[in-house]
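1. model the structure of this input:
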Amino acid sequence: MPRPPIWRKVEFLPEITYFKPAGVPLRQLDEVVLTVEELEAIRLKDMEGLEQEDCAEKMGVSRPTFFRIINSARSKVADALINAKAIRIEGGNYKYLQSLECSTCGHVWQEEHPGEPDEDMECPKCHGKKFSLTGHRRGWCHGGDGRHSD
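-> Next up is the predicted model:
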């Protein structure tokens, strides 16, 4: 029996989760599904320009696992571009990390998908109760059909 996959850490969730070639009706298109962690791998390596070791650390996976994720993502994107397929971003094994900044002391820390801060949360540095969401917060989150409104 294979072991369960490790949850990957992601810091970005896209607002737009579907891309298709212009001028081609949707019913005529095949599609490629890119998982959220594959998109995160592309963001970290190709947009942020991080080394694979740093990308793997940020995602909480080994370097060989990151290599497999990024190769899978790039292969899917290449397939979609070369063969005129739509790209749908959804699913995967991930936990969303949200960055929070304390309004009192300015300390920034991350919480696993806290949603909106609740009254019991506090700054780990000064124990202040006033903070704001920062970073790559977007309009949907993991779970169910993956959507919620802000």
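
2. for the rest of this, base every contact and every neighbour count on C-alpha atoms.
-> Fine.

3. ok, Ser103 touching Lys130?
-> Yes. Counting by Cα atoms under 8 Å, Ser103 does reach Lys130; the two are 5.4 Å apart.

4. what about the longest helix in the protein?
-> Longest helix in the chain by number of residues (criterion: DSSP state H): helix 63-82.

5. for that helix, name the packing helices and strands.
-> The helices and strands touching helix 63-82, judged by 3 or more Cα pairs under 8 Å, 6 or more residues apart in numbering; DSSP states H and E, are strand 31-34, helix 36-42, helix 52-59, strand 86-89.

6. pull out the buried residues from it.
-> If you call a residue buried by 16 or more other Cα atoms under 10 Å, then helix 63-82 has these buried ones: Arg63, Phe66, Phe67, Ile69, Ile70, Ser72, Ala73, Arg74, Lys76, Val77, Asp79, Ala80.

7. excluding chain neighbours, what is closest to Thr65?
-> In space, and not counting its chain neighbours, Thr65 is closest to Ala56: 7.7 Å by Cα to Cα, 6 or more residues apart in numbering.

8. ok, now how distant is Asp54 from Ala84?
-> 33 Å (Cα to Cα, to the nearest Å).

9. just put the helices and strands packed on helix 63-82 in JSON lines and tack on mean neighbour count and distance to Thr17.
-> Listed next are the helices and strands packed on helix 63-82 as JSON lines, based on neighbours: other Cα atoms under 10 Å; distance: least, Cα to Cα, whole Å:
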{"stretch": "strand 31-34", "mean neighbour count": "19", "distance to Thr17": "9"}
{"stretch": "helix 36-42", "mean neighbour count": "25", "distance to Thr17": "10"}
{"stretch": "helix 52-59", "mean neighbour count": "19", "distance to Thr17": "20"}
{"stretch": "strand 86-89", "mean neighbour count": "20", "distance to Thr17": "5"}
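
10. for those, which one sits closest to Pro124?
-> Of all these, it is helix 52-59 that lies closest to Pro124, at 20.4 Å by Cα to Cα.
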